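A.B. asks: structure for the following, please:
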Amino acid sequence: MNQKALQSFEKYCDEKNLRVTPPRLSAFKIIHSATKPMTAYEVLEGMAQDIKSPKPPTAYRAIDFLLENGFIHRIESLNAYIPCEEKHKHDGSQFMICKICKHVDEIHLCTLPSTLQNRIDNEKFMLDHWNVEIHGVCAKCTL
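C.D. replies: Residues are numbered from 1 along each chain as shown. Next comes the predicted model:
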């Protein structure tokens, strides 16, 4: 577990008056310690080491908290979660996902491409958040 990430989590929660509950802390540590995207049930299984008999709603509430506050991202196509590397500084997310090893790289384009932004503006669409997943083969798997 990256101590800097944990300190950032605790500091952010303190500054925003957000409670750091045992399930939230456990889910944060599990996802931030993982070497691959984690499903909700994998998070739930990991929480059993810190919390006695956790139930699915406990894991889902903790995951929702982490998502809402920008600590993690949901990879829609994998139905799994990864740590956020940009520390709450963006409204959109982009990922390169290897179809062989399932490794996910977060791409740091923290604003929409102008062609997309123009279309949104022209349609008067009220953007909430955005997510782009690019699937292919990573450099390690092409060797």
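A.B. asks: from now on I want contacts and neighbour counts done on CA atoms only, so please keep to that.
C.D. replies: Noted.
A.B. asks: where do the helices sit along the chain?
C.D. replies: Ranges of helices in the chain, per DSSP state H, are 3-15, 22-33, 40-47, 56-68, 114-122, 139-142.
A.B. asks: centre of the chain to the last one, how far?
C.D. replies: Right, helix 139-142. 24 Å (C-alpha atoms, centre = their mean, to the nearest Å).
A.B. asks: repeat for stretch 65-73
C.D. replies: 6 Å.
A.B. asks: residues making contact with that stretch?
C.D. replies: Phe9, Arg24, Phe28, Ile31, Arg74, Tyr81, Ile82, Pro83, Cys84, Lys87, His88, Ser93 (C-alpha atoms under 8 Å, 6 or more residues apart in numbering).
A.B. asks: could you verify my assumption that the second one touches Pro54?
C.D. replies: No. Using C-alpha atoms under 8 Å, Arg24 makes no contact with Pro54, being 12.0 Å away.
A.B. asks: looking at those two, which one has more neighbours?
C.D. replies: Shown here are Arg24 and Pro54; by other C-alpha atoms under 10 Å, Arg24 has more neighbours (21 against 16).
A.B. asks: which residues does the nearest residue to that one once chain neighbours are set aside contact?
C.D. replies: Spatial nearest neighbour of Arg24, excluding adjacent residues (C-alpha to C-alpha, 6 or more residues apart in numbering): Ala62 at 4.6 Å. Contact partners of Ala62, counting by C-alpha under 8 Å, 6+ apart, are Pro23, Arg24, Ala27.
A.B. asks: got a list of what the second one touches?
C.D. replies: What that stands for is Arg24. Going by C-alpha under 8 Å, 6+ apart, the list of residues near Arg24 reads Ala62, Ile63, Phe65, Leu66.
A.B. asks: against Met126, how distant is it?
C.D. replies: 30 Å (C-alpha to C-alpha, to the nearest Å).
A.B. asks: now swap in the first one and tell me
C.D. replies: Pro23 sits at a distance of 33 Å from Met126 (criterion: C-alpha to C-alpha).
A.B. asks: the more surrounded of the two?
C.D. replies: Pro23 (21 against 8).
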